[in-house]
Every structure is written in structure tokens, then in C-alpha cells.
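**Student:** model this:
(chains A and B)
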Amino acid sequence: MKTVFELSSPGRMGVSLPELDVPAAPDLPAGLSRGSEGKTGLPEATEGQVLRHYVNLSTMNHHVDKGMYPLGSCTMKYNPKLHENLARIRGLSGIHPLVPPALAAGSLELMYRLGEFLCEITGFEGVSLQPAAGAQGEFCGLMLIKSYHESRGEPNRNEILMPDSAHGTNPATATLADCIVVGVESNEFGLVDPDDLRRKVGPNTAAFMLTNPNTLGLFESRIEELTSIVHEAGGLNYMDGANMNALLGIAKPGEMGFDVCHLNLHKTFSTPHGGGGPGSGPVACIEELAAFLPDPAVILEDDGGYKLCRKQNSFGRLLAFHANTGVLYKAYAYIRTLGAAGLREVSEIALINANYLKAKLGDYFDNPFDNGPCMHEFVLSGDRQAEQGVKTLDIAKRLLDYGFHAPTVYFPLIVHEALMIEPTETESLEDLDSFIEAMISIAEEAEEKPYLVTDAPVNTPVLRLDEVKAVKDLCIVEPVRSVGQAPGEGENL
Amino acid sequence: MSRFVPNGPAQREKMLRAIGAAKFEDLLEPVPEKFRLKEKLQLPEPLSEFELTCEFEEFARKNTGADLVCFMGAGAYDHFIPAAADHILLRSEFYTAYTPYQAEVSQGTLQAIFEYQTMIARLTGMDMANASMYDGASAAAEACLMAMRITRKQKILVAGSLNPGWLEVIRTYLKRDDFEISEIPYLDDGTLDLAIASELIKDGAAAAILVQYPNYFGLIEDLQPVADLIHEHKGLFIVAADPVALPLLRSPGDAGADIVAGEGQSMGIPMSYGGPYIGFMAARMKLARKMPGRIIGRTTDRAGQTGYVLTLQTREQHIRRNKATSNICSNQALMALANVIYLSLMGEKGFREISSQCYHKSHYLEKKLLEIPGVSRIFGNTPFFREFAISFPVSSIELRDRMIEHGFLAGIPVVELGEGAMLVTVTEKRTRDEIDRYIGAAAQVCRGGSA
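**Tutor:** So this is what the prediction gives:
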């Protein structure tokens, strides 16, 4: 499709603005000014043209409201429509973050109560709503842990242990927090090997970072043993809450020996992913870590008012303002809509849906870690199909032809040709059956007509895209050549 | 059964049978008995759609600050948002999609963000931009880390006129024993003290100088001399730029910036009590491979048609793990869409008009306030944009509180500049009538009169 820049013609406008109603001030000094001819290179188009352009673009997206999105570890569940309206109520969306707290009492009350809900759900005492996404939540968690060790005179503790099945953000966060990654091996059941953990802990252990259920969709059954090993070595336990959709009302991280966890509100708590964000990654923790939480914290005062306060030993702040507040509004709405029974139902059906798919697909695809029930997701291997010359990437692309989004592929790294499938609780049995049919059909195609799979996708707005070319002939901004563009802009590309 | 879960008792039973489980609890076999919750979570009883709406309206009513006329800024601004923008943001094709990992069914998001990258690059005068960061402050912090990676130096010089909240975020991201942050003080006119900067930079240890443009006090720095200074000492020049000012100001790229980071909230995103906002990050092309975050690139499909994909992914955490340029994964993609729609609607002329009205209206208010006895400038005649620091003859905290009674969020007290110092912002949304009433109310408070 043409770019928005190609719609441009001099003189067109997409807005009407009031005339300047005050006397003009003297111009800026020439040296500081872009100049009266200095163009910004923005397009010139009418409101209708702009709308048509982005509406046409939007039709090229797969999305949850269109069809199933079984992207493992991403929890692509339905996003309630009401929540979009609620977050847009003017009193909530139109308020400046630095107003005196008494003038933002509604937002603060909501944030305080959301914090309490998240503590109850996770079994922790302290919470910060500030982190903007899961990865920033991880950073927050590791900063709490570092602050804790420093406060106890053990600044040497800088090793973060994590299994080889960890999300890529875990090791990247450890580096950002100036820590060293120590890998822990998984055993033949896809679970952390306690003996290897025992070998790896030591006087420099800062924390053990674990996703539970893990990235194979398996609950770490020996969790008590694992967290105890770390505690006995003087370290702390961090839970990556990416897979919390399996545990609502089922089990609490705070009771399993974890000391801190983050939650992905854009996964478990139904806030939309927005094509890659905004997310929100609140962090909940034990009392001993709460003193180090980032600024500011919402507190309830004796007179019933809410206040923002700075924790005395806070490690700092992560964003210029409080949080991705608009996302918090939606997560609050979700929890209030479902209540305790509704949240438990979410996890129960998420588990049933995942186990149902696993049972139905087991005859057609390899499942290297099938030792009993999975939690909310499971990981298949495309090894059997790879022998026919059909790779997991091909299977993923072929699913697009059948109207489904692909599972997460090639992750976790410990499964060859991995296909990580998470249906979520908002898919109906009928839709799950359609997905099963599509997967079986693809497995059959892989044997009989593999070219159908390796040529896929063919029913999508574009055919398979050349990622190698994208890197080799790098083009990451539109070169300047459109009508109405000032000469000189961007010509150094 | 909630309205979000379609599989009820009938489906449950059928599915459990297919799984080979007698009851749901059989699926919990891997969860040790002692960790299975025996009691329901302690949460309030569920609310219906209607009841929940009422509760939210009550929250909104308690946010009385939203009804006041806003002259506050310091990183979040009350700008006009065209109605058409939200119609695009509310398309579930965009907001219920995930990160565009499967490019063939994500061309809408991918092309929109490619256009966003282009607009940010053009506004800042840089070669390229990434697909977004969390907010301006975290983007600035990541820019510092990026400069340190590129130069292999471990010291950052930060202008003392940087937004203090941003500085706190930078300090958090750079909190390591081997990293050093030094502040360069500002002169009496509020601009960077180049003489001290020259001293601080002499040892050649600085990876970068970071200057905000306009700075925290709304003042417009002359960037070129700073660029020359840091380049002479083999460091990089980071500019934390406000995009709304850029249609009027010499672009950071033109003035010698190597990396530009900033906050995009002003471009079509509501203030929403602090977020979600969006950080942007732009750089010279030769630095693209060191940049954090997602980047969209153009390519072709098997039939030779143009298409877009996530590119340069070997920089990122899911490939490079502990060697990645950042841990960022989710960014603020939908906010980037808000920016790109806003900028498309505004266009070349509209965005320049917004910028120009912010400039003229803020100068009008400043000029009129200076006519009130006892009100004075803090930074002399230094050119400013949209925001200015001014000294009142009464305590700025008291002034702020008294102005609330008159219906105004008067500004942000900056007591470190003096007891009466206030940072005041005027966007294009403020009408002459509002500005004149503000002046009247401020004059009354300064005279010691009551509301």
C-alpha cells in the first residue's frame, strides 16, 4: 500500500484550528529557528484521506476480535470493550499527573485498590504499579533484590540464576541491572533440575529467576525445594509472572517461596496489547523488599485520603510519571467485573482449553515433555514435520492461511522446532475444534503436499516476506521524494 | 459464568472427558496440594457492566483536577486531540493485535510504525528512529546507555536544566558503581554553562552530553556549540527534544545531535494521570545497529510486493539475550499509532500552527504577568517555548492553591528557584479569555485579595 506521505499534496489539511487570538510575540532569533521555510516533512492530507489510509491499513492486521491468537506466553485473550470507554472518561483521561493528590483522588483510590487486589492475588504485601511493561517489572524486581542485599552488607551478590527455558527478557534484564547470568539446567521432564540449582547457588547468588508455570507450560512441582535451596544460600526468588493466567485463585506465588514477582496486566488482566504495547508490569513483593519500591507509592491516609509518597529507601524511579495509568484503569475494571469466582474460572478454563488442545493434537505432532497435565499452555515440536522438509516456520505461516494467528515459534530454546500454544479461556470449544482441524490438516499437508505448507501463506495481504533482505538493504524510514517535501530533508539516508 | 468465558459446564465436561480427566482438579496434579488455595480470593463481589460504569464515573468525579483550566506542563501537556484520531485507535484491528511477529498478518501495524519512524526522523532531523520506548525519561536513559555502549566510556554529562524526574530515571537506569553522572550547571540566563562543560569534558571520559531542548524551564538552548564541544572530545551529543517545539526550532540533527530522545505525549495522547505515554528515539544511521527497541524495515514478499517486517532483531533480547542492546520487549506501539495519526491529521501546516500558537500564547501570558507588581523574570530574556519560569511576590505553593479556587491549575512550583518561582505552561488550547482570567486571578492573589 502507498504510504501516508504519498497522499500528500501542498495545501491539504486534516484539522481545523482556531485563529491565533493573542498578539504575536517577536520571532525567535534566526540561529535557533528552523526558519520560515524549514519544513518538517509531515504529509499534507485531508481528514478523510488520513482515515481511509489507516482504516485500510488496519484491515491488514490479524487481531483478537477477528480470530484466535494462540500465541504462547502472550495470553491473547478477549479485551472487554467497556474498558476502552472507562479509560476514556474525561475525568480520568484528562487529568495532569502533577496535580496535587487531593485533586486526583479518584485515580489514586483506584490505583490503591488495584494494588491491594494484586497483593491478594499474588500473596504479597508490597506493590508498585509503576513499571510500564513486563521487562521493566523485571528490572524493578532485580533492583529491589540488589537494594536488599546491599542493605544487608552483601553488595557482592550479583549472580542471577535462571533456567535455560527463560524468556529472553530475563537475561537481558540481569545485564541491565549489572548482574551476571548463571544458567540452570532443566531435567528430562522439562523442569528445573534441583541438583543443578544446588550446584549453582553460592555466596554471590542474588536471586533465582523463574517463570512458573514455566515456558513449557509446566508447573514446577518441586517449587518448594527450589525456592528453599535459594533461600538457604542467602538469595531471593523472583517469579516472572508472564504465565499468571494459569494461577488466578489456584495458587499464590507468595506462598511458594517467591519473594517478588511482576504481573503483565496486558496478558493476565485483559488489557489490550495494542500491537506491541502499552503494557503494564506491576511488581508485588514481600514486606522486607517493600521499603525499596520505586517512587511514588500510593498510600491511604488516616483521614481516608490518598497520597503519593516516596519510600525512604526507594531505589529510584522508572518513568517520569506514576505509571501507564490508563492501562491500570482497565485491569481494575477486569478484576471488579470478575471477582474471586470469575478469576478462578479464568484459570480453570484456560487450563482445560490448553489440555484439550494438547490431547487432541498429540497424535499429529511430537510433544517432548508430555508427562501429564499442562497448565495454560504447552509446547509441541515440529520435528516430525521437519523430516518431511516442513519447518515450524512453515507450519506457522500455513496457519495464517487458515485464519489463525500462529503459536509462538522457536521458543523455548530447549525444544527443537518449538510451537508454543496458549489458547486462553476466552476461546469457545467450537473455535478450539476449528483450530485442531486446521492443525491436523496442516500435518496431513506436510506429508502429502508439503509445498502447500512451505509456500504459505497465500491467503494473506502479502506473501512470505524476505527478512534477510530487510536487514541487508536496510530501509527503516521513507526516503524523501514525495510531493511537497522540502529539499534537503533526509537526503543523507 | 462470566461474559468473557464461553465454555460452561456442558463444554467443560466434554473437554475433560477428551483429556481423560474425571474432574478439573485432576489437571492440578502437578501443583503440590499444600499450595492449592483452599479459600476464595478476598476480593469484592463482582459488578455488572452498568454498576462498574457508575463506579468509574464516581472515580472521575473525584478527580476534580480534571475540571480546572490547565497551565501545568513539566513533561505532560494539555494539547488538542482531533476527534478522528480516537476512531483509529479504537479499531480493534489495531488495539487487540499483538506485537507484529507474524508480519504477513500484521502489515497494518508494521506500515503505520514505519511511517511513525519516518515522521520522528524528519521532525528531529535525524536519519532513523525506533518503534518507541516507554516514555521520554526512559528513552533518555536508554540513550545514555546506548552512548556508553558505542563510545565504551562510562561517564555521562547531563545539563542541570534537565527535567528532574527524567534525571531520576536516568540515575536509576545507570545505577552502577562503574558509571558516573555529572551535572553541568546552568548560567543565570538558564542555559548550559559551556565554560564548566569544557572543564568537565577535558579528561575525555564522557560518553555523551545530554541537553533538553527546550530545557525544563522552557528555555531554548543553542545546541551547536555543545555539539562541537562534545564531538571534539570523541563523545556523542544526546538531545532530549520536545517534538511540539520542533516545527519552529532548528532541528537537533541540523545542530549536530547524534541521538535524540523525547516524549511524544503531546502528539495525540491524553494526559491520563501520567500514562500511557511514549518515548521516541532517533539517531544517525551509522548508530542504528546499536539502538535499543524494535525497528520496522521495508522489504518485499515472494511476489516482489512491498511489505514491512521487524528488522535488525539480532540487537534484541529474544535473540541476543544477555548481550542485547536493552531488555525492552513490549513498547508503546498503540501510542506510536496515536502519534502517527495525529501528525498525519495536523500535517506540515497544522503542526507548525500548533507549535506557533504555543509560542505566541505563552509569550502573551508571560508579558501580561510581568505587568503585575512584584512579578519578575527568573532567566532574563532567554528565548522560551510554551513554558516559562516566573517569580511571583507570593509563595508559589500558596499561589497554586489559591488559583485552584479560581478554577486554574496555575503551574508547577519550583521552589529551588525561589519561594515564588513557578513553571507555567500555555498550550494552543488555552484561549485568550482563559489567559486573561488567569492574569486577573493571579493579580488578585498577588495583591493578597480573596477569591
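
**Student:** if I've got this straight, residue A:307 is in a helix?
**Tutor:** No - Residue A:307 sits outside any helix when classified using DSSP: H, G, I helix; E, B strand; the rest coil, being strand.

**Student:** Which residues are in contact with it?
**Tutor:** A:101, A:108, A:298-299, A:301 (CB atoms under 8 Å, 6 or more residues apart in numbering or on different chains). The C-beta positions use only the backbone N, C-alpha and C, and glycine is treated the same way.

**Student:** quick one: pLDDT of the closest residue to residue A:256 other than its chain neighbours?
**Tutor:** Once flanking residues are discounted, residue A:256 sits nearest to residue A:223: 4.8 Å by CB to CB, 6 or more residues apart in numbering or on different chains. Residue A:223 carries a pLDDT score of 98 in this model.

**Student:** Just the buried ones from the contacts of residue A:307?
**Tutor:** A:101, A:108, A:298 (16 or more other CB atoms under 10 Å in any protein chain shown).

**Student:** closest to residue B:433 among those residues?
**Tutor:** residue A:101 (29.3 Å; CB to CB).

**Student:** Tell me the spacing between the closest one and residue A:349.
**Tutor:** Remark: distance between residue A:101 and residue A:349 (CB to CB, to the nearest Å) = 40 Å.

**Student:** can you check residue B:193 too?
**Tutor:** For residue B:193, the distance to residue A:349 - CB to CB - is 63 Å.

**Student:** Walk me through the domains of the chain.
**Tutor:** As the question left the chain open, I've gone with chain A. Chain A breaks down into these domains under automatic domain parsing: A:83-337, A:347-471.

**Student:** wrong one, chain B
**Tutor:** Using automatic domain parsing, chain B is parsed into the domains B:9-63, B:66-80+B:349-447, B:83-341.

**Student:** Pick the most buried one from these.
**Tutor:** Among these, the stretch with the highest mean neighbour count (mean count of other CB atoms under 10 Å in any protein chain shown) is domain B:83-341, at a mean of 23.

**Student:** can you give me the offset of it from its chain's centre?
**Tutor:** Chain-centre distance of domain B:83-341: 10 Å, with CA atoms, centre = their mean, to the nearest Å.

**Student:** ends of it, how far apart?
**Tutor:** 11 Å (CA to CA, to the nearest Å).

**Student:** what is the rounded mean pLDDT of it?
**Tutor:** 97.

**Student:** Kindly report the same for stretch A:400-420.
**Tutor:** 96.

**Student:** And the helices in the stretch 1-150 of chain B?
**Tutor:** B:9-19, B:49-62, B:83-89, B:92-95, B:107-124, B:136-151 (DSSP state H, counting those that start in this stretch).

**Student:** Backbone dihedrals for the closest residue to residue A:43 other than its chain neighbours, please?
**Tutor:** Using CB to CB, 6+ apart and skipping residues adjacent in sequence, the residue nearest residue A:43 is residue A:8, 4.0 Å away. Phi and psi for residue A:8, reported as degrees, to the nearest 10, are phi -70, psi 140.

**Student:** now residue B:171: how far from residue B:158?
**Tutor:** From residue B:171 to residue B:158 the distance is 9 Å (CB to CB).

**Student:** who touches both of these two?
**Tutor:** In contact with both residue B:171 and residue B:158: residue B:181, using CB under 8 Å, 6+ apart.

**Student:** May I see the buried ones among the contacts of residue A:307 organised as CSV, with secondary structure and pLDDT added?
**Tutor:** Output for the buried ones among the contacts of residue A:307, formatted as CSV (DSSP: H, G, I helix; E, B strand; the rest coil; pLDDT from 0 to 100):
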residue, secondary structure, pLDDT
A:101, helix, 96
A:108, helix, 98
A:298, strand, 94
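
**Student:** got a markdown table for those residues, with distance to residue A:80 too?
**Tutor:** Formatted as a markdown table, these follow (distance: CB to CB, whole Å):
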| residue | distance to residue A:80 |
| --- | --- |
| A:101 | 29 |
| A:108 | 23 |
| A:298 | 24 |
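
**Student:** and the closest residue to residue B:99 other than its chain neighbours, how far is that from residue B:423?
**Tutor:** If you skip the residues right next to it in sequence, residue B:99 has residue A:276 as its closest partner in space, 4.0 Å away by CB to CB, 6+ apart. Distance from residue A:276 to residue B:423, counting by CB to CB: 34 Å.

**Student:** mind checking which helix or strand residue A:118 is in?
**Tutor:** helix A:105-122 (DSSP states H and E).

**Student:** Surely the residue nearest to residue A:43 touches residue A:45?
**Tutor:** Yes - Residue A:8 lies in contact with residue A:45 (CB atoms under 8 Å); the separation is 5.9 Å.

**Student:** pLDDT below threshold where in the stretch 301-450 of chain A?
**Tutor:** Applying pLDDT under 70 to the stretch 301-450 of chain A picks out no residues at all.

**Student:** Now residue A:184: phi and psi?
**Tutor:** Main-chain torsions, residue A:184, degrees, to the nearest 10: phi -120, psi 140.

**Student:** Near it, how many other residues are there?
**Tutor:** Other residues within reach of residue A:184, judged by other CB atoms under 10 Å in any protein chain shown, total 23.

**Student:** Next one: it from chain B, what distance?
**Tutor:** Distance of residue A:184 to chain B, given as CB to the nearest CB, to the nearest Å: 14 Å.

**Student:** tell me the contacts of the residue nearest to residue A:256?
**Tutor:** A:212, A:256-257, B:32, B:35.
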